[in-house]
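1. Attaching a predicted model along with its sequence, questions to come.
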Amino acid sequence: MVAIRVGPPGERQMTNAVARKLESLRTKGAMKHIEVANLLGTRPETVSRWNQGRAYPHANKEKVLLELEFIVDQLSDFYEPDEARQWIFSPQKHLGGASPAELIRQGRIEEVRRLVNQLRDAVYL
């Protein structure tokens with residue numbers, strides 16, 4: 001169930017969209033709010049408020065949330081949710097031993113997207 005906050009026109013749809021993204025991260029990437037918060041550089045309580053429609057992420061946090069959900073969605077094509085989560089938090093040879101989570105926290109999400117694209121290309125050849 002998605003909580004809806006009453007507010008200016010259009011805000012209801014945005015809140016639903018954020019809650020849907022968080023739900024997608026939970027179902028496709030087995031990610032908890034605390035992990036999402038850690039990746040976005042915010043607090044778990046903040047992510048919970050977004051999910052409940054009591055707050056809305058600032059533009060920079062929203063951008064990373066959207067990118068993260070896109071990456072997890074792509075990973076879900078060939079990984080089970082727990083495997084996708086492990087991939088995000090595990091060191092990766094093709095990232096110089098860094099984990100995708102580390103790069104996401106550093107604002108280097110494009111490097112993670114490139115690696116996911118390479119994985120997808122290898123799987124679907």
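-> Perfect, thanks for sending it.
2. contacting residues around the helix or strand encompassing residue 73?
-> Following DSSP states H and E, one finds residue 73 within helix 59-75. By CB atoms under 8 Å, 6 or more residues apart in numbering, the residues outside helix 59-75 that reach it are 18, 21-22, 24-25, 28-29, 31, 36, 39-42, 56-57, 84, 87-88, 100, 104, 109, 112-113, 116-117, 119-120. Placement of C-beta: from N, CA and C, glycine included.
3. can you give me the angle the following helix or strand past it makes with helix 59-75?
-> For helix 59-75, the following helix or strand on the C-terminal side (DSSP H and E) is helix 81-89. Counting by axes from the mean of the first three to the mean of the last three CA atoms, to 10 degrees, helix 81-89 points 130 degrees away from the direction of helix 59-75.
4. Quick one, which of the contacts of helix 59-75 are buried?
-> Buried members of those, scored by 16 or more other CB atoms under 10 Å, are 18, 21-22, 24-25, 28-29, 31, 36, 39-40, 42, 56-57, 84, 87-88, 100, 104, 109, 112-113, 116, 119.
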